[in-house]
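In: have a look at this fold, sequence not included:
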């Protein structure tokens, strides 16, 4: 900074030019700073890449039966680099019981699992938060009705209730997601309500009210943004659970229906070949585990980044 | 209670005399028999099992342009009075006449024009600003809510008010966590003043600040009052601060006003035994001087079940001196004016020795 500065330039605090403070940017920096969260981000990045470019990366249509190409069902993986004879066509993860390319199916499964995770949790968060927000702000009889209903939902073991819901609605991926979403609603409703209860007491909300803000404005401009953090953290951690739960329903045959390449249903359908063709259970299982692992790491990272006690 | 815009008719309550304050600006606020009881719920059915009598029949007036100090110990209801005045909590009964209109029963949108004219400055500068909103938006919030001016005009107004409280324009885009306690309190003041209110309730605005910053903020409040013609209800528990800023002072004890007088009068010759005890606790910055301390016995009784008669009677040193007269425990002393606008709620006013003097 050897340049001669005009008086006007000198009036500007040099700190402001280097530091553009944004809470979200701070949070992002805090997430990236943690090693675990970085690992989670990398895993999910790979997963996202696989999901988006599944059609490009996968050499085969995941639903296409390849018997006409001289393929034997349940073949082990054939990778040319690792010494598989060049005369046999390359299949990284082998061939499944119906003669389909397992690698393509696992890749396309990423699509379903990611979509399932975000949609299910998104649905649960939106409905749950709204209920929690209403319960926390309205208090009184409305709160009692909402929260007791949530308690009733919580009484049942989650997966059991989900199975019951799917049984009522009929099997299918959409219904499985809906079921898992409904089961998760009370969790978010409770989290939201408790943070609303504390935020609405704070002085800045009272201050906005004193300025003449309407109840709607108070709820959506002041209370909701400041109550969202715990819900976001719970949501990221909840995605892992949701992915796993929907996979479990699919494993039981209540979720994704054949020929959809969904990891849970792949494991479920091929579990009979565990000893003859273990790769059919191994690859989708590992993919599922890595996804859950990635979301958990990222969720932990987000929680740590948003926790003021661990900040700075 | 009644929604009538009560012209201050001569009601046969002892407090009605307060209505005629006599300050040049006239009366801005008249509070009469204000009561707030908070119910306590208990049992399985959440029935009301008791009430906290936080504010129990408080009357006072605030003249235009003056500062009324409101003092008392923790839990005496002074903050509740402030919030009631601003209609942030619902009064149980009583009237709040603001600029000639009883707003005690107004609700929702009827209150909005009055919201614009009364504001609050909070005690805790860390809790009074939305941590997710840049302070420029926080300060301009009032303008947005009331739809005043174009965005450019609002920005200009925010910049002007920030300048007034000693903040630079480039601060506007920063977040509360980037400021010190004193700066945050200034932001809180700017936020309250942006609508150019008539009345500002200062709820212990300096108690959370360092002593050095306290003086700064107090002087700033005074300067702003002069500049903008503000009226303050200044709630505090620090007698020194109250003496510095107030024109008149009201002392509260257990939900009631014990004494109300001109500041000089109050600090020179306090007449209520409780006020005298409070005054005797003010330290004198001279090691040679010793004050005769009046040490009150026991704790403040619970506002759930306040003592009968005069709320102060179980701890009153004057009553003990007089041999415990019966009337203190049976009859509630009215808040009476001696003629010089010095109101005292004590059966034995005048019998009190001037215990607050240094000796």
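Out: Looks like it came in fine. Quick caveat, the model's predicted, so the values are computed rather than measured.
In: can you name the residue of the stretch 51-200 of chain B nearest to chain A?
Out: residue B:115 (3.5 Å; C-beta to the nearest C-beta). C-beta: built from backbone N, CA, C; applies to glycine.
In: what sits against that residue?
Out: For residue B:115, the contact set (C-beta atoms under 8 Å, 6 or more residues apart in numbering or on different chains) comprises A:210, A:211, A:212, B:87.
In: repeat that for 10 Å
Out: Residue B:115 makes contact with A:209-213, B:86-88, B:109, B:142, B:145-146, B:195, B:197, according to C-beta atoms under 10 Å, 6 or more residues apart in numbering or on different chains.
In: mark which of the residues you listed are buried, thanks.
Out: A:209-213, B:86-88, B:142, B:145-146, B:195, B:197 (16 or more other C-beta atoms under 10 Å in any protein chain shown).
In: mark which of those residues are part of helices, please.
Out: Among the buried ones among the contacts of residue B:115, DSSP state H puts A:209, A:210, B:142, B:145 in helices.
In: that older thread, lowest-confidence one in the contacts of residue B:115?
Out: Ranked by pLDDT, the contacts of residue B:115 bottom out at residue B:109 (85).
In: verify the stated contact: that one with residue B:146.
Out: No - counting by C-beta atoms under 10 Å, residue B:109 does not reach residue B:146; the two are 12.0 Å apart.
In: ok so, going back, show me which of the ones in helices among the buried ones among the contacts of residue B:115 is closest to residue B:179.
Out: For those, the minimum distance to residue B:179 (C-beta to C-beta) is 19.5 Å, reached by residue B:142.
In: ok, the residue of the stretch 51-200 of chain B closest to chain A to residue B:192 distance?
Out: To residue B:192, residue B:115 is 12 Å away according to C-beta to C-beta, to the nearest Å.
In: overlap in contacts of these two?
Out: Common neighbours of residue B:115 and residue B:192 (C-beta under 10 Å, 6+ apart) are A:210, A:211, B:142.
In: could you dump these to a markdown table with distance to residue A:46?
Out: Below are the shared contacts of residue B:115 and residue B:192 laid out as a markdown table (distance: C-beta to C-beta, whole Å):
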| residue | distance to residue A:46 |
| --- | --- |
| A:210 | 51 |
| A:211 | 49 |
| B:142 | 49 |
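In: between those residues, which is nearest residue A:276?
Out: Taking C-beta to C-beta as the measure, residue A:276 lies nearest residue A:211 of the shared contacts of residue B:115 and residue B:192, at 72.0 Å.
In: ok, now which ones touch the closest residue in space to that closest one that isn't next to it in sequence?
Out: Leaving aside its chain neighbours, residue A:211 sits nearest to residue B:142 (4.3 Å; criterion: C-beta to C-beta, 6 or more residues apart in numbering or on different chains). Under the criterion of C-beta under 10 Å, 6+ apart, the contact list for residue B:142 reads A:207-208, A:210-213, B:115-116, B:119, B:148, B:154, B:157-158, B:191-197.
In: hang on, the earlier thing: dump the contacts of residue B:115 into a markdown table; add distance to residue B:220 as well.
Out: Shown next, in a markdown table, are these (distance: C-beta to C-beta, whole Å):
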| residue | distance to residue B:220 |
| --- | --- |
| A:209 | 25 |
| A:210 | 20 |
| A:211 | 21 |
| A:212 | 25 |
| A:213 | 26 |
| B:86 | 21 |
| B:87 | 27 |
| B:88 | 24 |
| B:109 | 34 |
| B:142 | 19 |
| B:145 | 25 |
| B:146 | 25 |
| B:195 | 18 |
| B:197 | 16 |
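In: which pair of the residues you listed spans the longest distance?
Out: Greatest spatial distance among the contacts of residue B:115 (C-beta to C-beta): B:109 and B:197, at 18.3 Å.
In: so where does the residue in chain B sticking out farthest from the centre fall, helix or strand?
Out: What lies farthest from the middle of chain B is residue B:44; by C-alpha atoms, centre = their mean that is 36.9 Å. For residue B:44, there is no host helix or strand (DSSP states H and E).
In: what residues does the stretch 151-300 of chain B have near chain A?
Out: Where the stretch 151-300 of chain B comes near chain A, counting by C-beta under 10 Å from any C-beta of the partner chain, the residues are B:168-171, B:173-178, B:188, B:191-192, B:194-195, B:197, B:201, B:203.
In: quick check: ChimeraX command selecting the buried ones in those residues.
Out: If you want just the buried ones from those in ChimeraX, going by 16+ other C-beta under 10 Å, the selection is:
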select /B:171,174,175,176,188,191,192,194,195,197,201,203
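In: restricted to helices, list the residues of the stretch 151-300 of chain B next to chain A.
Out: B:188, B:191, B:192.
In: residue ranges for the helices of the chain, please.
Out: As the question left the chain open, I've gone with chain A. Assigned helices in chain A, in chain order: A:7-11, A:14-18, A:23-33, A:35-52, A:54-57, A:102-138, A:140-155, A:158-169, A:173-199, A:203-210, A:215-217, A:224-251, A:263-270, A:279-306 (criterion: DSSP H).
In: ah, no, chain B please
Out: B:78-85, B:112-115, B:135-145, B:151-164, B:181-193, B:211-228, B:239-245, B:263-268, B:273-279, B:317-321, B:327-330.
In: got the contact list for whichever residue of the stretch 151-300 of chain A sits closest to chain B?
Out: Going by C-beta to the nearest C-beta, chain B is nearest to residue A:212 of the stretch 151-300 of chain A, at 3.5 Å. The contact partners of residue A:212, taken as C-beta under 10 Å, 6+ apart, are B:109, B:111-119, B:141-142, B:145-146, B:195.
In: which one is it nearest to, not counting chain neighbours?
Out: Counting by C-beta to C-beta, 6+ apart, the residue nearest residue A:212 is residue B:115, at 3.5 Å.
In: show the contacting residues for the most centrally placed residue in chain A.
Out: Nearest to the mean C-alpha position of chain A, by C-alpha atoms, centre = their mean, lies residue A:239 at 3.2 Å. When contacts are counted by C-beta under 10 Å, 6+ apart, residue A:239 is found next to A:44, A:113-114, A:116-118, A:120-122, A:291-292, A:294-296, A:298-299.
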